[in-house]
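K.L.:
Here is my input; please provide its structure:
(chains A and B)
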Amino acid sequence: AQSVAQPEDQVNVAEGNPLTVKCTYSVSGNPYLFWYVQYPNRGLQFLLKYITGDNLVKGSYGFEAEFNKSQTSFHLKKPSALVSDSALYFCAVRDGHNFNKFYFGSGTKLNVKP
Amino acid sequence: DAEITQSPRHKITETGRQVTLACHQTWNHNNMFWYRQDLGHGLRLIHYSYGVQDTNKGEVSDGYSVSRSNTEDLPLTLESAASSQTSVYFCASSESGNTEAFFGQGTRLTVV
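P.N.:
Numbers count the residues shown, from 1 in each chain, chains lettered A, B, ... in the order given. The predicted model follows:
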């Protein structure tokens, strides 16, 4: 069965420090992987995606994510966190066999403290 | 610019009433989705559509229905609203294949 797991409900990091938000997935076909960010009272905004090619993908607002096929992971990273990065982050996967459906993780709340 | 809009943004209704939430997209996407977001559950798929006249049940479809009469709209109807349906509802659309989905701003529904 297709699924996405975000093992941390919350991640706390100090401004200026690197951040990592974890995501693991399970799909039957080739995975298409996405990260979204949600600010309070807003919809989800697309950050970045992995389809194929380089395992390190770069996205909006200085975020990047690393695809690891052997560990079935797609962790979101940023070298230097900003207070304005504080938000709810969702990982999602689209199955290459049934690519019209998206499966979302439960979300990770990122808190960046000054 | 293309967009996806939901209305209303906020709605309070009484138990037992029928409620319809609107979703309209100008991306000309074939795929449209309805999700509900609840604390501790993330996003759960209610219904989805791959094109006009096509509708499919998601993981939490009981008590909800959708119809797709054109490409742009996928209204979500709560047949008889229940307190358990108090939630934030998101509509999304996408192309087929490996592209990302685009989300509306959400509708906060309270059933009293």
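K.L.:
how about the residues of chain B that lie near chain A?
P.N.:
Proximity of chain B to chain A (Cβ under 8 Å from any Cβ of the partner chain) is limited to residues B:31, B:33, B:35, B:40-43, B:45, B:48, B:50, B:90, B:92, B:94, B:96-98, B:100-106. To be clear about C-beta, it is placed using only N, CA and C from the backbone, and glycine gets the same treatment.
K.L.:
mind redoing it with 7 Å?
P.N.:
Counting by Cβ under 7 Å from any Cβ of the partner chain, chain B comes close to chain A at B:31, B:41-43, B:48, B:50, B:90, B:96-98, B:100-101, B:103-106.
K.L.:
Can you report how many residues neighbour the nearest residue to residue B:100 once chain neighbours are set aside?
P.N.:
In space, and not counting its chain neighbours, residue B:100 is closest to residue A:46: 4.6 Å by Cβ to Cβ, 6 or more residues apart in numbering or on different chains. A total of 17 residues lie near residue A:46 under the criterion other Cβ atoms under 10 Å in any protein chain shown.
K.L.:
Name the residues linked to residue A:46 by a beta bridge.
P.N.:
Beta bridges link residue A:46 to residue A:36, judged by DSSP bridges.
K.L.:
where's it relative to residue A:34, distance?
P.N.:
Per Cβ to Cβ, to the nearest Å, residue A:46 is found 7 Å from residue A:34.
K.L.:
what residues are shared contacts of these two?
P.N.:
Common neighbours of residue A:46 and residue A:34 (criterion: Cβ atoms under 7 Å, 6 or more residues apart in numbering or on different chains): residue B:100.
K.L.:
residue contacts, residue A:17?
P.N.:
By Cβ under 7 Å, 6+ apart, the contact list for residue A:17 reads residue A:81.
K.L.:
and residue B:86, how many neighbours?
P.N.:
The number of residues packed near residue B:86 is 16, by other Cβ under 10 Å.
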